[in-house]
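S.K.: this is a predicted model, with the sequence first.
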Amino acid sequence: MIAVESVSKSFDGGASFAVRAVSLRVPARAFVAIVGDSGSGKTTLLKTINRLIEPQQGEVIIDEEPVRTVAPHALRRRIGYVFQGIGLFPHMSIAENIGITPRLIGWPEPKIRARVEELIDLVALPRSYLARLPAELSGGQRQRVGIARALAARPHIMLMDEPFGALDPVTRDALGAEYRRLHESMRLTTLMVTHDILEAVLLADRIVVMRAGAIVADGEPRALLSGHPDPQVRTLMDMPRRQAERVRALLEERARE
Amino acid sequence: MNERLSSALRVLPDYLSQHVLLSAASLALGLLVSVPLLIAARRSARVRWPVLAVASLIQTVPSIALLALFYPLLLGLSSLCKRLFGVGFPALGFLPSLLALTLYSILPILRNGITAILNLDPAILQAASGVGMTDRQRLLRVELPLAAPMLMAGLRTSAVWVIGTATLATPVGQTSLGNYIFTGLQVEDWVWVLFGCGAAVALALLTDQLLALIELGLGRRRPRLAWTGLGLLLLGVAAAGVVPLRAGRHAGYVVGAKDFSEQYILASLISSRIRAQGYSVRERTDLGSVFAFRALAANEIDTYVDYTGTLWTNILHRTDMPGRRRMLQDLRVQLRRRYGVVLLGPLGFENAYVLAMRRGEAARLGIRTIEDLARAAPRLTIGGDLEFFARPEWRMLEERYGLHFRAERAYEPTFMYKALMSREVDVITAFSSDGRIAADHLVVLKDPLHAIPPYDAVVLLAPKRASDPVLRRALEPLIGAIPLKLMRHANYMVERPADQRTPAQAARWLARAAHLH
């Protein structure tokens, strides 16, 4: 379980806060999407969990252990991290990229090799790609490798920051669905930041809406879709529903003709 | 084969190997200094800015000045070291050259490295932290490998600079391919100058290509290519390291020479006389005027020829002019007492500063002495060698005769004579033993007030060779044996525009003409 307790972070010495007194509890095996406009503090919140950003106040606790008591690199080796920029190491082969965290931990080479092959199958890429360099892959393929790399050391927690943001819609949809299956089969706890409300509705079990560094709504997609006291949250949640209604209307028109 | 070319080829192993060792050592040391600086500078702008500023500043210091400045610095350090620990170290030759060239090599490596690291994709750096790398792992596994190709490009720039600049190590007493250039320039042997340039260029190009191979190997992830390049480079350096081991550490004697024809000829003469005794000899030529004496006093060379007036003013820092005999006597005593250097005796000729004019011009103006010259001086231009106008002799001349010229110009000696003949200047500060005085039909102006001190050529021995029987046997017959006329002619043989001879050939002629056996 991840517990964020009253975390605050300011990048300008307290004049303004990217995240202000935010608390959030994510039980094991949950799939939580954090949505909000850019600047709402969702990425900052995510990064306080694996200490890429250190909060000024408050605390993050994973499985009853405060993260500030764990060395950052050791903490990050236990948490998968996927982000929009992907950041594959251009001088390493796909196999080396996927195997990097196990190698840092010091797994024996045969075990790393087996794990790398298992993962490349899992993200549905041909094994012949293992010897290639990142530059030889398409954007979607690269993000598959990015996910495989994050999963390599068998983390229980995955942090994802706009993981599919740079992909074309078809790839994005396919990869999102595939990841959701991995989340189930590997019993992961996933925290995904996205600005795409539709993606959040389709993938997550629970949606957290942030605005100006604070959480303004938190609930299951269905509950949020059926109404919320905050007008802005309502507008936000209306969008996927209206889109779905228009698509349905179009399809019905086609059927009548 | 052409005698000049074959003599150039004979010394190539020595010059080339020394050049390679110096350049390689400087680059290696440069890398050793710049990579830690780079690592320190990559995160903090507070470190980065001053480090780059200093490195850039060094680059703007003229290379020859940088080389020369290390000499007094090391000399001071050496004497401090001697006082503290009882051992000094040579302030000439390899060490100052190494330090200056190392400083030169830093900037391109540093600047390229910093640019490369600062321009790394932030996503990659975030990923490196995200997968759980420590700071050190991130540096070693991600930042340095990704910066490596650009670092190599910087190293290539450095290598080309260092190999080119290493030719300037010659005047501070470090043998290099520059010896070809400096010697060739002095005796107007353009074959030697071109040979030296060509060798340095070829070495630079070859090194650059081998480094390019490493760069390619790193950039394209082909380790075999990189290893091949590195292997060939190391092989070259190792080969250069073997040459002096084989040829020379136990070379019996080292004969020094300053950087002009007469010195080359006399060094060659001395060498052949030592060789005739059955001992091996190495020559260290093109030493700067002051460096030659320091090298002798430090036992780095065993013997060379200097001039009484130079020793009097530059080494003893005397300004009084006691006359020829007293000066010789005082020098003998003082050099022995202060430096342990033995003044064996005068060779028999003088190489003094004299003022010389074109014969026709002097006759037209009615100038025969410096007193005559003083009256016409305000309408005339004087040309001197590079150091003359800064020397005490010039101040004495100015004061004693009240000389005031329209203009003063300084030249490399070779070009000074050319300037006189092409009428760019009217008077020059020639050297009395210079063959060109006779060849160019110049008039030497008389010095009735004896303002210029005598410059008798004298043989000096290093402290450790003070009573060396081999040197004494070889050199004592030279004392008083070389008259001015013969020296002038020998000099002329090396410098004349047509039918030019090598210093070794001129030395053989001189030995025969002076009946030295």
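M.R.: Sure thing, it's come through. Numbers count the residues shown, from 1 in each chain, chains lettered A, B, ... in the order given.

S.K.: how about stretch B:409-418: buried residues?
M.R.: Of all the residues in stretch B:409-418, those buried under the rule 16 or more other CB atoms under 10 Å in any protein chain shown are B:410-411, B:413-417. Heads up, the C-betas are built off the backbone N, CA and C, glycines and all.

S.K.: now, those residues that are in helices?
M.R.: Where those overlap with helices, as defined by DSSP state H, the overlap consists of B:413-417.

S.K.: and which of those is nearest residue A:24?
M.R.: Of all those, the one with the least separation from residue A:24 (CB to CB) is residue B:415, at 83.2 Å.

S.K.: mind listing the residues bridging to residue A:218?
M.R.: Note on residue A:218: beta-bridge partners residue A:208, judged by DSSP bridges.

S.K.: next, residue B:387: phi, psi?
M.R.: Note on residue B:387: backbone dihedrals following degrees, to the nearest 10 are phi -100, psi -10.

S.K.: host element of the nearest residue to residue B:115 once chain neighbours are set aside?
M.R.: Taking CB to CB, 6 or more residues apart in numbering or on different chains, and ignoring the residues beside it in sequence, residue B:115 has residue B:150 as its nearest neighbour in space, at 6.8 Å. Applying DSSP states H and E as the criterion places residue B:150 in helix B:144-165.

S.K.: contacts for that helix?
M.R.: Residues lying outside helix B:144-165 but in contact with it, judged by CB atoms under 8 Å, 6 or more residues apart in numbering or on different chains, are A:90-91, B:19, B:23, B:26-27, B:30-31, B:63, B:101, B:104-113, B:115-117, B:120, B:124, B:200, B:203-204, B:207-208, B:211-212, B:214-215, B:218-219.

S.K.: what subset of the ones in helices among the buried residues of stretch B:409-418 is also close to chain A?
M.R.: The overlap between those and the neighbours of chain A (CB under 8 Å from any CB of the partner chain) is empty.

S.K.: for those residues, give me a markdown table that also has pLDDT.
M.R.: Converted to a markdown table, those look like this (pLDDT from 0 to 100):
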| residue | pLDDT |
| --- | --- |
| B:413 | 77 |
| B:414 | 77 |
| B:415 | 84 |
| B:416 | 88 |
| B:417 | 87 |
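
S.K.: what's the burial count for residue 129?
M.R.: The chain I'm using is chain A. For residue A:129, the count of nearby residues is 16 (other CB atoms under 10 Å in any protein chain shown).

S.K.: to clarify, I was referring to chain B.
M.R.: Neighbours of residue B:129 under the rule other CB under 10 Å: 21.

S.K.: how far away is it from residue A:212?
M.R.: When CB to CB, to the nearest Å is the yardstick, residue B:129 and residue A:212 sit 27 Å from each other.

S.K.: ditto for residue B:405
M.R.: The separation that residue B:405 has from residue A:212, given CB to CB, amounts to 83 Å.

S.K.: neighbour-wise, which of the two wins?
M.R.: Neighbours per residue, other CB under 10 Å: of residue B:405 and residue A:212, the larger number sits with residue B:405, 20 against 15.

S.K.: confirm the more buried one sits in a strand?
M.R.: No: when DSSP: H, G, I helix; E, B strand; the rest coil is applied, residue B:405 is found to be coil, with no strand at that position.

S.K.: quick check: closest non-adjacent residue to it.
M.R.: For residue B:405, the nearest residue in space outside its immediate sequence neighbours is residue B:382; the separation is 4.6 Å by CB to CB, 6+ apart.

S.K.: show me what from the stretch 151-300 of chain B comes close to chain A.
M.R.: Contact residues of the stretch 151-300 of chain B with respect to chain A, defined by CB under 8 Å from any CB, are listed as residue B:221.

S.K.: mind redoing it with 6 Å?
M.R.: When proximity is defined by CB under 6 Å from any CB of the partner chain, the stretch 151-300 of chain B lies next to chain A nowhere.

S.K.: pLDDT at the residue of the stretch 151-300 of chain B found nearest chain A, what is it?
M.R.: With CB to the nearest CB as the measure, the residue in the stretch 151-300 of chain B that lies nearest chain A is residue B:221; the distance is 6.6 Å. The score at residue B:221 is 74. That number is its pLDDT.

S.K.: wait, a helix at it?
M.R.: No: with the criterion set as three-state DSSP, the secondary structure at residue B:221 is coil rather than a helix.

S.K.: ok, what's across the strand from the residue nearest to residue B:405?
M.R.: For residue B:382, the beta-bridge assignment (DSSP bridges) gives partners residue B:408, residue B:427.

S.K.: my read: residue B:229 touches residue B:216, true?
M.R.: No: distance between residue B:229 and residue B:216: 8.0 Å, which falls outside the contact criterion (CB atoms under 6 Å).

S.K.: higher neighbour count, those two?
M.R.: Set side by side, residue B:229 and residue B:216 show more neighbours around residue B:229, with 21 against 15, by other CB under 10 Å.

S.K.: tell me which residues touch the more buried one, please.
M.R.: Contacts for residue B:229 (CB atoms under 6 Å, 6 or more residues apart in numbering or on different chains) come out as B:210, B:213-214.

S.K.: got any ranges where the chain has weak pLDDT?
M.R.: No chain in the question, so chain A it is. Residue ranges of chain A with pLDDT under 70: none are present.

S.K.: hmm, no, I was thinking of chain B.
M.R.: B:1, B:244-251, B:517.

S.K.: for it, which strand is longest?
M.R.: Ordering each strand of chain B by length in residues (DSSP state E) puts strand B:342-350 first.

S.K.: give the pairing partners of that one; include direction for each.
M.R.: The sheet places strand B:342-350 alongside strand B:456-461 (antiparallel), with pairing taken from DSSP bridges.

S.K.: any idea how far the residue in the stretch 401-517 of chain B that chain A sits nearest to lies from residue A:190?
M.R.: Across the stretch 401-517 of chain B, no residue is closer to chain A than residue B:412, which sits at 51.6 Å (CB to the nearest CB). Plainly put, residue B:412 is 78 Å away from residue A:190 if you go by CB to CB.

S.K.: that'll do, ta.
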